[in-house]
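In: generate coordinates for the sequence data below:
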Amino acid sequence: MTSTARVPPSGGHAAPPEHLGHVIFITAAAAMGGFLFGYDSSVINGAVEAIRSRYDIGAAALAQVIAIALIGCAIGAATAGRIADRIGRIRCMRISAALFTVSAVGSALPFDIYDLAFWRIIGGFAIGMASVIGPAYIAEVSPAAYRGRLGSFQQAAIVVGIAISQLVNFGILQLADGDQRGKLLGLEAWQWMLGVMVVPALLYGLLSLAIPESPRYLISVGRVDRARKVLAEVENKDVDLDARVAEIDHAMRREHKSTFKDLKGSRFSFLPIVWVGIGLSMFQQLVGINVAFYYSATLWQSVGINPSSSFFYSFTTSIVNIIGTVIAVVLVDRVGRKPLALVGSSGMAIALAFEAWAFSAPLVNGRLPSTQGTVALVAAHVFVLFFALSWGVIVWVFLGEMFPNRIRAAALGVAASAQWIANWVITASFPSLAEWNLSGTYVIYACFAVLSIPFVLLFVKETKGKTLEEMG
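Out: Predicted structure coming up:
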């Protein structure tokens, strides 16, 4: 899955704080959770075929092992906010780092398939926590004039994590002579792929020891003096620290804690705006984007591409994902959210249609014909590019802006849950669907891309240039 909570952009042209370098370090350290989010979400791509072979399991069981991490993600995301409010953002990061570390070791040294599935759930819980805590912490320590740009560190870290995981997988495969089950120092290559995540997980834990607790949390637990010192580290020297502390304290006291009941419209239904948020979240996943990150190596091998090349194409896809994300960040406040969404949907629909056509060709000696093979590779990269420059970013922009203040937190939680569910549906169903009809599977994804166009046109309102208060 390639997504995170968005921090609202800030306005103004204030001078940079005297400690901008320190602020950037703090933000980058917190964004390591996003890096692990991206890394862990994508690293399994390199192990899919080896796991199938090692444990001799079918497509349905394999899909559950891959997708089961999303159960942990949903639980981690749902509980992270409450945990962070009780014990602090930094301790939450350390718990996440510890869980990442344990999951990496356990996944690399499983006794059987059920053991591996358990460690995947643990890693998923850490992903869910990181997806919530990182953006929240960055928003709370960033100077107002830099909050939007610093907030983008989390999304950047996610797409970089995806790319690095594919590069590491490719490197390990080369050391194992192109065999995912090739032995390296007593372990199979796929075990090293999953185990290497120990390195960034430990780095995340160490960095969490070097950054301060959120001023917002410190004030909430009465540690006002410490909060004032942290604010002095991140704000301009001309800022009245006592006034800032009072401002944060006042804002926290005024906050309305939205609940599930606030989202109810008619008797058994949500408010219309909540359904729009759910629709955006689900369309983002139903176009099949996570197939590109969970199964791409397996997909290319299934149409005759050798393992080394399939891993290389997975890496190039990740680079395209980074490029598309940069394009989205540059354009989202210039051209608007809806135009980007419509361009992205159109581009994805066309690319997916070409992939469906390419995969409809009968294999010749276990490979796609040359023309169809080339079209499939190009279309896959074009699909990821159009997703990254549109739905990969703008859905979180919309979700951060479209809901009225009184229901924003609860509505975001429901929309995020819908996204995890849709992610699980696509991830769990792909192996079985691909065995049934690979071309037909891509037709289904293309149909969802096409359906997203009238959905955006009819139900989604542009939020560019509007204040959060204008949303109701």
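In: what stretches of the stretch 201-350 of the chain score poorly on pLDDT?
Out: 236, 254-260, 265-268 (pLDDT under 70).
In: so which residues of it form helices?
Out: With DSSP state H, counting those that start in this stretch as the criterion, the stretch 201-350 of the chain has helices at 215-220, 224-234, 241-254, 272-286, 289-294, 296-302, 307-335, 337-359.
In: which other helices and strands contact the second one?
Out: Right, the one you point to is helix 224-234. Contact analysis of helix 224-234 by 3 or more CB pairs under 8 Å, 6 or more residues apart in numbering; DSSP states H and E lists helix 20-43, helix 215-220, helix 241-254 as its packing neighbours. Yep, even glycine has a C-beta here, placed from its N, CA and C like the rest.
In: winner for burial among the ones you listed?
Out: Mean neighbour count (mean count of other CB atoms under 10 Å) peaks for helix 20-43 among those, with a mean of 24.
In: tilt between that one and helix 224-234?
Out: With axes from the mean of the first three to the mean of the last three CA atoms, to 10 degrees applied, the angle from helix 20-43 to helix 224-234 works out at 90 degrees.
In: thinking again about what came up before, which one of the helices and strands packed on helix 224-234 lies nearest to Val276?
Out: When the helices and strands packed on helix 224-234 are compared by CB to CB, helix 20-43 sits nearest Val276, at 25.6 Å.
In: from the contact counts, what lies against that closest one?
Out: In terms of contacts (3+ CB pairs under 8 Å, 6+ apart), helix 20-43 is packed against helix 89-108, helix 113-141, helix 147-175, helix 198-208, helix 224-234, helix 289-294.
In: next one: the closest residue to Lys464 other than its chain neighbours from Phe398, what distance?
Out: Leaving aside its sequence neighbours, Lys464 sits nearest to Gly336 (CB to CB, 6 or more residues apart in numbering; 4.2 Å). Gly336 sits 11 Å away from Phe398, going by CB to CB, to the nearest Å.
In: these two: which has the busier surroundings?
Out: With neighbours defined as other CB atoms under 10 Å, Gly336 and Phe398 compare such that Phe398 has more, 26 against 16.
In: can I get the helix or strand containing the more buried one in CSV, CA atoms only?
Out: Using DSSP states H and E, Phe398 maps to helix 391-401. Taking C-alpha atoms only, helix 391-401 is exported to CSV below (Å, rounded to 0.1, in the frame of the first residue of the first chain):
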residue,chain,number,x,y,z
TRP,A,391,-4.5,9.2,-6.4
GLY,A,392,-1.4,8.2,-4.5
VAL,A,393,-1.2,11.7,-3.0
ILE,A,394,-4.5,13.6,-3.6
VAL,A,395,-6.7,11.1,-1.8
TRP,A,396,-4.9,12.0,1.4
VAL,A,397,-5.1,15.6,0.5
PHE,A,398,-8.8,15.3,0.0
LEU,A,399,-9.3,13.4,3.3
GLY,A,400,-7.4,16.0,5.2
GLU,A,401,-9.5,18.8,3.8
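In: that one to helix 272-286, inter-axis angle?
Out: Angle, helix 391-401 to helix 272-286, by the same axes, to 10 degrees: 160 degrees.
In: for helix 391-401, which helices and strands make contact with it?
Out: helix 272-286, helix 307-335, helix 337-359, helix 408-459.
In: so which of the helices of the stretch 201-350 of the chain is the most packed in?
Out: Comparing these by mean neighbour count (mean count of other CB under 10 Å), helix 289-294 comes out on top with a mean of 24.
In: now that one, how far from the centre of its chain.
Out: Centre-to-centre, helix 289-294 and its host chain are 11 Å apart (CA atoms, centre = their mean, to the nearest Å).
In: contacts for that helix next, please.
Out: 1-2, 41-42, 44-45, 48, 66, 162, 299, 317-318, 380, 383-384, 387, 391-392, 423, 426-427, 430, 445 (CB atoms under 8 Å, 6 or more residues apart in numbering).
In: one more pass at 6 Å, please.
Out: Applying CB atoms under 6 Å, 6 or more residues apart in numbering, the contact partners of helix 289-294 are 1, 42, 45, 66, 317, 384, 387, 423, 426-427, 430.
In: which among the residues you listed end up buried?
Out: Buried members of the contacts of helix 289-294, counted by 16 or more other CB atoms under 10 Å: 1, 42, 45, 66, 317, 384, 387, 423, 426-427, 430.
In: those residues: which two are farthest apart?
Out: Longest span within these, CB to CB: Ile66 and Phe387, 19.7 Å.
In: so which of the helices and strands packed on helix 224-234 is nearest Ala416?
Out: That would be helix 20-43 among the helices and strands packed on helix 224-234, by CB to CB, at 13.3 Å.
In: now stretch 357-369: buried residues?
Out: Buried residues in stretch 357-369, defined by neighbour count with 16+ other CB under 10 Å: 357-359, 361, 368.
In: coming back round to it: next, format the helices and strands packed on helix 20-43 as TSV and append distance to Val329.
Out: Shown next, in TSV, are these (distance: least, CB to CB, whole Å):
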stretch	distance to Val329
helix 89-108	24
helix 113-141	15
helix 147-175	6
helix 198-208	23
helix 224-234	22
helix 289-294	18
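In: figure out which of these is closest to Pro404.
Out: Across those, Pro404 has its closest neighbour in helix 113-141 (19.3 Å, CB to CB).
In: just the angle between that closest one and helix 147-175, please?
Out: 150 degrees.
In: any idea how far the closest residue to Gly277 other than its chain neighbours lies from Gly288?
Out: Of all residues not flanking Gly277 in the chain, Ala415 sits nearest, at 3.9 Å (CB to CB, 6+ apart). Here the criterion is CB to CB. By it, Ala415 lies 19 Å from Gly288.
In: OK, contacts around Ala356?
Out: Contacts for Ala356 (CB under 6 Å, 6+ apart) come out as 439, 442-443.
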